[in-house]
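Chemist: here are the coordinates; sequence isn't available:
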Ligand SMILES: O=C(O)CCC(=O)C(=O)O
Ligand SMILES: [Fe+2]
């Protein structure tokens, strides 16, 4: 063995001693967790304490419960089967990025994008060019994260909504009167280089895989924003910097990895309640299990997942920026009794400190295009979340201006 190799061998030994120690710790934690699960359910399936519920639904599902704990049972009118009930499935409008990139077909695809953002607020992106291995890898590492023993996941629990990494359960767990059948891992993704080191250390490939995925998602977001601005007729502003230039200089990007385990009574609860998203565009990557539903024409429609595609939706910021032309639409997630589901939602927007209001190009009082929304910023949104439950699109509604009053006397 050469002298050069010796320090390597020492490092290797040290690493494996560390790994052995870690493996023993994890095994002990897993045993303790299993005992705890049995204790949690020891007295039959009596109502569970708040601290047990805060361990999340993966913990409950792994415990083998057969009845939904009361805290997850929605009032009858809010249950997924209640009116407006539907089992209709929807194939969302398809935005083909290969065609968008082809100058001879760009105008036609811009029309599709524009119509989708005005009508559904949702569309699917295909032929995006993101390597299938990056997509499959992201879903796979997400699944493996939620399979880690609870103590390993629980390291990242935090009440701080600004934390770069946050593990939790339900929708807004500190506020939800009825809990949701979802656990999540939230990862701040901007600036990527600075935040990755604070992401979970396990699974060992999570940082690498998720940062590759985050970079790809951000690239697609920039491309779609440019297209959306062009479709809205404000591309000229982008040419001299504009909002696209701002986004290139800095943006906000959060990734939420959602885990919806199999649920004993899925007809009584939801994985996520009806909500709209806060940013400009959200990219959702879902596995092959359906669950996402979109409100359209007063009915809930289940999105048919196209494997390898992204579901993209307009967020509150884009509705405000487009002065109401593009719609930030209510959506929710249903769960089922047999198949766990994983999704990865990437929320893209302007920097958190940026005040967002309607684009000046889209407001013209004299031409009958009044400003329809107040300016807003992240601090206002957080204050809103702290004061209300943040559901049912009420934040966006709180930013809407009343239509101008036209009085005949002055006309
Ligand atoms: O799980 C899904 O399909 C959607 C998730 C979602 O709407 C969200 O994270 O805001
Ligand atoms: Fe959402």
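Modeler: Alright, I've got the coordinates. In this text, all values refer to a predicted model and were calculated from it rather than measured experimentally. Numbers count the residues shown, from 1 in each chain. Ligands and ions are numbered 1, 2, ... in the order given.

Chemist: For the host helix or strand of residue 381, which helices and strands make contact with it?
Modeler: In the assignment (DSSP states H and E), residue 381 maps to helix 378-387. With contacts taken as 3 or more CB pairs under 8 Å, 6 or more residues apart in numbering; DSSP states H and E, helix 378-387 sits against helix 394-398. To be clear about C-beta, it is placed using only N, CA and C from the backbone, and glycine gets the same treatment.

Chemist: mind listing what's buried in the helix it packs on?
Modeler: 395, 396 (16 or more other CB atoms under 10 Å).

Chemist: Can you confirm whether it lies near ligand 1?
Modeler: No - legend: contact between helix 394-398 and ligand 1 by CB under 6 Å from any ligand atom is lacking; minimum distance shown is 13.2 Å.

Chemist: now the helices: where do they sit in the protein?
Modeler: 5-40, 50-53, 57-62, 97-100, 106-119, 132-147, 150-154, 192-195, 206-231, 235-239, 242-249, 316-321, 378-387, 394-398 (DSSP state H).

Chemist: who in this structure is up against ligand 1?
Modeler: Contact residues, the chain versus ligand 1 (CB under 6 Å from any ligand atom): 256, 258, 272, 277, 284, 286, 291, 292, 331, 333, 343, 345.

Chemist: Residue 51 and ligand 1, how far apart?
Modeler: 25 Å (CB to the nearest ligand atom, to the nearest Å).

Chemist: What degree of burial does that residue show, as a neighbour count?
Modeler: Residue 51 sits with 8 neighbouring residues when counted by other CB atoms under 10 Å.

Chemist: doesn't residue 319 make contact with residue 328?
Modeler: Yes - applying CB atoms under 8 Å, one finds residue 328 in contact with residue 319, separated by 4.1 Å.

Chemist: which residues do those two both contact?
Modeler: By CB atoms under 8 Å, 6 or more residues apart in numbering, residue 328 and residue 319 have these common neighbours: residue 396.

Chemist: now for the residues of the chain next to ligand 1, which pair is the farthest apart?
Modeler: 277 and 291 (16.2 Å; CB to CB).

Chemist: For the stretch 251-400 of the chain, give me the ranges with low pLDDT.
Modeler: 388-393 (pLDDT under 70).

Chemist: Let me see the confidence value for residue 16.
Modeler: pLDDT, residue 16: 42.

Chemist: likewise residue 81?
Modeler: For residue 81, the pLDDT comes out at 82.

Chemist: partner residues bridging the residue of the stretch 151-300 of the chain found nearest ligand 1?
Modeler: At 3.6 Å from ligand 1, residue 292 is the closest residue in the stretch 151-300 of the chain, using CB to the nearest ligand atom. Assessed by DSSP bridges, residue 292 has beta-bridge partners residue 333.

Chemist: and it, what does it touch?
Modeler: Residues in contact with residue 292 (CB under 8 Å, 6+ apart) are 284, 286, 302, 303, 305, 311, 331, 332, 333, 343.

Chemist: Spatially central residue in the chain, please.
Modeler: The geometric centre of the chain, computed from its C-alpha atoms, lies nearest to residue 345 (CA atoms, centre = their mean), at 3.0 Å.

Chemist: Run through the residues that contact the nearest residue to residue 138 once chain neighbours are set aside.
Modeler: Take residue 138 and drop its neighbours on the chain: the residue closest to it by CB to CB, 6 or more residues apart in numbering is residue 213, 4.1 Å away. Contacts for residue 213 (CB under 8 Å, 6+ apart) come out as 134, 135, 137, 138, 255, 344.

Chemist: Could I get the contacting residues of the fifth one?
Modeler: Contacts for residue 255 were tallied using CB under 8 Å, 6+ apart; they are 186, 187, 189, 210, 213, 214, 217, 344, 345, 346, 347.

Chemist: Likewise for the last one?
Modeler: Residues counted as contacts of residue 344 (CB under 8 Å, 6+ apart) are 138, 139, 142, 213, 255, 256, 257, 258, 284, 285, 286.

Chemist: Please apply the same query to the first one.
Modeler: Residue 134 sits next to 209, 212, 213, 216 when contact means CB under 8 Å, 6+ apart.

Chemist: make it 7 Å
Modeler: Contact analysis of residue 134 by CB atoms under 7 Å, 6 or more residues apart in numbering lists 212, 213, 216.

Chemist: Reformat those into JSON lines and put pLDDT and distance to residue 123 next to each item.
Modeler: JSON lines is the format used below for the contacts of residue 134 (pLDDT from 0 to 100; distance: CB to CB, whole Å):
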{"residue": "212", "pLDDT": "98", "distance to residue 123": "24"}
{"residue": "213", "pLDDT": "98", "distance to residue 123": "20"}
{"residue": "216", "pLDDT": "98", "distance to residue 123": "18"}
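
Chemist: and of the contacts of residue 292, the nearest to ligand 1?
Modeler: For the contacts of residue 292, the nearest to ligand 1 is residue 343 (3.3 Å; CB to the nearest ligand atom).

Chemist: From residue 366, how far off is that closest one?
Modeler: 45 Å (CB to CB, to the nearest Å).

Chemist: okay, these two: which has more neighbours?
Modeler: When neighbours are counted by other CB under 10 Å, residue 343 and residue 366 differ, and residue 343 comes out ahead with 25 against 6.

Chemist: Thanks a lot, see you next time.
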